[in-house]
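# Sharing a sequence plus its predicted fold:
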Amino acid sequence: MIGEDIEVVVLEIKGDSVKIGLKAPRDIPVYRQEIYLEIKAENERAAQAAAAAAKSTSAVPSAGALLKQALKKPPVPPEKPAPEKK
Amino acid sequence: MNIETQQFGTLEFEESALLTFAGGILGFENFTRYLLIDQDEVAPLRWFQPIDDPALAFTVIDPLLFFPDYRVSLGGEDRQALQLAKGEEPLVLALVTIPEDPAAMTANLLGPLVINPVTRLGKQLVLHDSGYPVRARLISDETIASQTPPVTV
């Protein structure tokens, strides 16, 4: 047991590997470490990319320009005025 | 206060402008003080500058600009960490990774930054089970094509 609510359960023993499960009340979140590692790796990647971008000075502004352009795209294609008939 | 940064040279700022991330962000747990810097040349990106390592600079974006349906839910613990009063909503930002080809840049929707604009306390959330990607393309034919036009308010 961990504290009063959380129970560690051995699910399976196979050779020299043990599968362990956690039984916890619903309001106690049990997180997978992979998600943390994934975010950590991405933070590091972002920092590295930013460092590289800072050296070229134009990378971040050009990224900004691309985004600006993407946002400018009119959400609805402008309606073509109906050809006037005379 | 002022610091020497790689990105901006000498940066002068009021101490009251600092954002405090008590636990840092993942992988940068020791960096607890940041500035959010707006610069016309990089907008809609914004700089997220750690004070504790002026050689670094992150870029962030308002994720709702590109992902209008993006939602972040805060637990009680998160609200407490930010000292968010009832009914108050935090500022949500996504870290952006800009690779060599800027068009391939991605936003981290799995680990957004949330900031209480009043207390200036912030935190990187971990959206377990949200299914949001850690690398969401900001610019791609797909995003542009699939983006439902936002209703103008």
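Nice, thanks for sending it over. Residues are numbered from 1 along each chain as shown, chains lettered A, B, ... in the order given.

# what stretches of chain A score poorly on pLDDT?
Scanning chain A for pLDDT under 70 picks out A:27-30, A:53-57, A:74-86.

# Contact residues of it facing chain B?
A:29, A:31-32, A:35-36, A:38-47, A:49-54, A:59-64, A:66-68, A:70-71, A:73, A:75-76 (C-beta under 8 Å from any C-beta of the partner chain). Every C-beta, even on glycine, is put in place using the N, C-alpha and C of the backbone.

# Show me those residues that map onto strands.
Secondary-structure check on the residues of chain A next to chain B using DSSP state E: no residue lies within strands.

# which residues touch B:Ile98?
A:46, A:49-50, A:53, A:59-60, A:63, B:59, B:105 (C-beta atoms under 8 Å, 6 or more residues apart in numbering or on different chains).

# Next, count neighbours for B:Ile37.
Using other C-beta atoms under 10 Å in any protein chain shown, B:Ile37 is surrounded by 17 other residues.

# Kindly report the same for A:Arg45.
Residues lying near A:Arg45 (other C-beta under 10 Å) number 19.

# Would you mind giving both backbone torsions of the closest residue to it other than its chain neighbours?
Residue nearest to A:Arg45 in three dimensions, not counting chain neighbours: B:Thr97, with 5.3 Å by C-beta to C-beta, 6 or more residues apart in numbering or on different chains. Main-chain torsions, B:Thr97, degrees, to the nearest 10: phi -100, psi 120.

# Report the beta-bridge partners for B:Thr97.
B:Thr97 has the following beta-bridge partners by DSSP bridges: B:Thr106.

# Farthest pair within the contacts of B:Ile98?
Comparing all pairs in those by C-beta to C-beta, the longest separation belongs to A:Ala46 and A:Ala59, at 12.9 Å.

# Which residue ranges of chain A form helices?
With helices called from DSSP state H, chain A shows them at A:33-56, A:59-72.

# list the contacts for the residue nearest the centre of chain B?
Closest to where the C-alpha atoms of chain B average out (C-alpha atoms, centre = their mean) is B:Leu93, at 3.2 Å. By C-beta under 8 Å, 6+ apart, the residues touching B:Leu93 are B:36, B:46, B:48, B:60-63, B:112-115.

# Confirm it sits in a strand?
Yes. Looking at B:Leu93 with DSSP: H, G, I helix; E, B strand; the rest coil, it is inside a strand.
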